[in-house]
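# Predicted structure and sequence below. I'll ask about it afterward.
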Amino acid sequence: MTGKIIVLHTDTMHMQEIETQLKRHVLEEDEDVYTPVIERFMRVHGVNKTKKVPMFPGYLFLHTSKPKDLYERVSSSTGKYIFKYCRVLKTGNYLTCLSDAEAENIDVLCGRNHVISMSEGYMTGDKLKIVAGPLKDMEGKIVKIDRHKRCAFIEVDFLGGIRKLKVGLEITKKMV
């Protein structure tokens, strides 16, 4: 599906409900709303679990081929249903869409299902080599690694700024 991605900012408590209301009352057949999520390793009460957390908490992504039309429909719905908790991001009088480079970076990381899954890799001295997962061939974007918490921090362009994301990374072995 080609088109633009509009970003909607909302209260994190109401993200799921707003997503449901958008699908039910505002979006047309060829449009989509989603929240990109990150799959992370967590240890809860001594049990290892993977948990999915929002990539950008408080942001919903609306994919459309007609951004101005969708903006009008969302604006006219504000105040109805649950939309009093959200706003469409604008720059001056213009609608803020993700740039093509930002959208492509997020698509490369998340894929079609909008989930950044756990990556696997190994260390050779001080060098990291990712062998599987969305971080494969992206070693240059990794800023920091926390082997104990099984995560890596990467920098991603988002809405004109750089955001640090904590993504899942399993280091399977360390060679000398």
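Structure's in. What do you need?

# Which strand residues bridge V53?
Beta-bridge pairing for V53 (DSSP bridges): I38.

# Just to check, it is in contact with R40?
Yes: between V53 and R40 there is a contact under CB atoms under 8 Å: 6.1 Å. C-beta coordinates here come from the backbone N, C-alpha and C atoms, glycine included.

# What number of residues are in the vicinity of G133?
19 (other CB atoms under 10 Å).

# Does it touch G111 like I think?
No: using CB under 8 Å, G133 is not in contact with G111, being 10.5 Å away.

# now the top strand by length along the chain, how far from the chain's geometric center?
Criterion DSSP state E: the longest strand present in the chain is strand 161-175. Counting by CA atoms, centre = their mean, to the nearest Å, strand 161-175 is centred 15 Å from the centre of its parent chain.

# Describe which strands it pairs with in its sheet and in which direction.
strand 119-124 (parallel), strand 151-158 (antiparallel).

# Could you list the buried residues of that strand?
165-171 (16 or more other CB atoms under 10 Å).

# Likewise for stretch 54-73?
55-56, 59-64, 67, 70-71, 73.

# For that stretch, measure first residue to last.
25 Å (CA to CA, to the nearest Å).

# So which residues of the chain form helices?
All helices of the chain, identified by DSSP state H, fall at 15-25, 67-77, 100-110.

# For the protein, give me the ranges with low pLDDT.
For the chain, applying pLDDT under 70 flags the ranges 1-2, 78-86, 90-95.

# L60 touches L8, doesn't it?
Yes: using CB under 8 Å, L60 is in contact with L8, at 4.3 Å.

# thinking again about what came up before, would you format the strands paired with strand 161-175 as JSON lines with distance to T35 included?
JSON lines is the format used below for the strands paired with strand 161-175 (distance: least, CB to CB, whole Å):
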{"stretch": "strand 119-124", "distance to T35": "20"}
{"stretch": "strand 151-158", "distance to T35": "14"}
